[in-house]
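[1] I'd like to go over a predicted model; first the sequence, then the structure.
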Amino acid sequence: NGDQNCGCITDKSIDCSASANQHDWVVIRIYLITHAVGSATAIKNQQHCVPNRWLGRYVSVEDCMAFILANDGCNHAFFNHATYGDQNCGCVTDKSADCSSSAKQHASLGLSIYHIESSAGIDS
């Protein structure tokens with residue numbers, strides 16, 4: 001749906017489940033994170049996992065992990081990140097890919113492959 005943009009509610013006093021705080025937009029969904037996201041650990045530096053699609057999100061590793069977990073088209077166990085480059089976030093588009101396998105890894109300066117230790121509990 002839409003441009004795959006993601007936003008966060010920064011005012012913790014707002015109850016997004018209340019209809020008074022919602023607007024009717026066809027391409028926007030509201031998600032409730034029900035428990036902690038977990039963490040991402042670099043498993044290989046100067047490599048990236050294939051197949052990959054760059055998201056055009058130039059963010060921290062933690063924010064990249066959140067974008068990946070919110071994107072149904074991405075593998076939710078692994079992602080690529082330009083950690084030593086422009087900080088772009090990469091979606092591994094094969095949802096069943098095992099990026100710890102050398103067959104899925106390709107040499108790439110400035111990039112790292114991350115493993116997501118646990119996934120978020122998200123309700124939509």
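    It's in. Numbers count the residues shown, from 1 in each chain.
[2] buried residues in the biggest strand by length in the chain?
    For the chain, the longest strand by residue count, based on DSSP state E, is strand 105-116. The neighbour-count check on strand 105-116 (16 or more other C-beta atoms under 10 Å) flags Gln105, Ser108, Leu111, Ser112, Ile113, Tyr114, His115, Ile116 as buried. Any C-beta I mention is one placed from the backbone N, CA and C, and that applies to glycine too.
[3] can you classify Asp63 by secondary structure?
    helix (DSSP: H, G, I helix; E, B strand; the rest coil).
[4] now do the helices in the protein.
    Counting by DSSP state H, the chain has helices at residues 61-70.
[5] need the residue closest to the centroid of it.
    Ile68 (1.7 Å; C-alpha atoms, centre = their mean).
[6] just the pLDDT for it.
    Per-residue pLDDT puts Ile68 at 95.
[7] then Ile9?
    77.
[8] list the contacts for it?
    Cys16 (C-beta atoms under 8 Å, 6 or more residues apart in numbering).
[9] switch to 10 Å and redo it
    With contacts defined as C-beta atoms under 10 Å, 6 or more residues apart in numbering, the neighbours of Ile9 are Asp15, Cys16, Asn21, Ile30.
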